[in-house]
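1. Pasted the sequence and its predicted model underneath.
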Amino acid sequence: IPSASLWAARAGSSHVQALGSFASTQLVVATSRSSIDALNWVASAPSWAQVFLSGRPISVQDPASTSEGLLALSAVRASLGGGADADNALVSGVIAAKRGSVPSSDVAMKAAAANDPKSPLVPISEQNITTLNKDAKSNSMVAIYPTDQAVWLDYPILQVGTPTGAQAAAVHAVAAVLASPASRAAVQKQGFRDPTTPHDSRKALELSSADAQSLLGRLSTLAKPSRMLVTVDVSLSMSSNTSGGETRIELARDALNSAMTLVPDSYAVGERTFADAPNPKPPFIDTVPVAKLASLPDGKSQRQTLMEANNALPGHLIGGGTGLYETALDSVRTLRASYDPTAVNAVVLITDGQNEDSEGITLAGLLQTIKAEADPTRPVIMVTIGIGPEVDNDALKQMAEAAGGYSYAVKDPRDLQKVLFDMVRRRK
């Protein structure tokens, strides 16, 4: 008897047949009574999307092993309209959880039981809330019923395999007892609902087994860490002002620092800058070697070292052109030379211009070399991010595709953070 029918799809090649339902309960959002007051949700409950976007920490249980976690993320995705924007929102939530910036469910539940006005939000069953309040002899923990969709845990009685004869009769006899009025009366005393009686006028979340498997696949991709060499253009054109008044390099700095506060310690990140200045070849400088964000190479974390390097970017702009192609090729080679098979290895290249190194490799030569040196046992993708009107987006797109990656044309540099989240979502 799993808590939800969606897990039947994970039985593999085994034959599974539903023989009824043992109980039912709704998935709700638990928090403290004072928290609902603080969020102004007393008179009007939020949608699943509004819960997720409220700014309050949301403690979602492991979606790979719990119905509550998988159904909550599925409800949020549906509420956000599906598609890339919804996936990006889920990426931010999952990354925040891996980063440790969201409290565990146990900690969040204790805050709710203590009637903390800043209590996190926890998707759990209404039966769980009933039991916890009863045990605590309190009603401080309350349930929020999001307005757009009802999400059910239906506790199916599943027959696994194809019993015959006496074995089949025994299985059906047990199923009949579990689905009997007496059993349902007993589970209702424990806070569950009668699964045969409609209880809610809201549209029920429809999640097929295929949809569940697809979402689990996305989440398993997110679980794999990244190993990135972030390559930033520091040619003088990055000092150009945007419509918001900030320079392009300032927005790149802020987006990179924002990403650094969110990605988990399991990620490995390094940084190099490039231009084609009066400096001799090569046209790039390795400012921070690639290392896991939690590592302490000089007594401080890699995360802190990278953020300090990012903060210094506006003061390190160099006059001259842009040695784009030479930098891109060497970056791919550098990351492949220290390839990590447990991670997604990626060069992330940010520029506002085009190749201006007339003495270096050509675009045709770059594309040919990247393809010729590609190693399927050590794949390194390239993600290119072009900022502003002068950028050669066509060349960036060809470069990314040659290395099995993808390219972004960012018209408004303020969208850089959204691009970084989308980059994580699209990893393979």
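-> Nice, thanks for sending it over. Residues are numbered from 1 along each chain as shown.
2. Now residue 232. Its backbone dihedrals?
-> Per-residue torsions, residue 232: phi -110, psi 130 (degrees, to the nearest 10).
3. Okay, and the beta partners of it?
-> residue 273, residue 350 (DSSP bridges).
4. Near it, how many residues? Count them for me, please.
-> Residue 232 is flanked by 25 other residues according to other CB atoms under 10 Å. The C-beta positions use only the backbone N, C-alpha and C, and glycine is treated the same way.
5. just the one 3 residues further on next, same as before
-> Residue 235 sits with 25 neighbouring residues when counted by other CB under 10 Å.
6. Repeat that for residue 216.
-> Using other CB under 10 Å, residue 216 has 17 neighbouring residues.
7. Would you mind measuring from it to residue 6?
-> 10 Å (CB to CB, to the nearest Å).
8. okay, and the common contacts of those two?
-> Contact with both residue 216 and residue 6 is made by residues residue 70, according to CB atoms under 8 Å, 6 or more residues apart in numbering.
9. ends of stretch 253-273, how far apart?
-> Its first and final residues considered, stretch 253-273 spans 12 Å by CA to CA, to the nearest Å.
10. typo on my end, stretch 119-133
-> Note: stretch 119-133 ends 15 Å apart using CA to CA.
11. Next, the buried residues of it.
-> Buried residues in stretch 119-133, counted by 16 or more other CB atoms under 10 Å: 119-130, 132-133.
12. which one of the residues you listed is nearest residue 285?
-> For the buried residues of stretch 119-133, the closest approach to residue 285 (CB to CB) belongs to residue 120, at 42.8 Å.
13. Which parts of the stretch 201-350 of the chain are helices?
-> 209-223, 248-262, 302-312, 324-337 (DSSP state H, counting those that start in this stretch).
14. Figure out how far the second one is from the centre of its chain.
-> Think helix 248-262. Centre-to-centre, helix 248-262 and its host chain are 18 Å apart (CA atoms, centre = their mean, to the nearest Å).
15. Run through the neighbouring helices and strands of it.
-> helix 83-99, strand 226-233, helix 302-312, strand 381-387, helix 416-425 (3 or more CB pairs under 8 Å, 6 or more residues apart in numbering; DSSP states H and E).
16. May I see these arranged in TSV, with mean pLDDT as well?
-> Shown next, in TSV, are those (pLDDT from 0 to 100):
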stretch	mean pLDDT
helix 83-99	66
strand 226-233	94
helix 302-312	94
strand 381-387	93
helix 416-425	72
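17. circling back to that earlier point, ok, so of the buried residues of stretch 119-133, who is nearest residue 374?
-> For these, the closest approach to residue 374 (CB to CB) belongs to residue 123, at 42.6 Å.
18. ok but the closest one is inside a helix, no?
-> No - read with DSSP: H, G, I helix; E, B strand; the rest coil, residue 123 is strand and lies in no helix.
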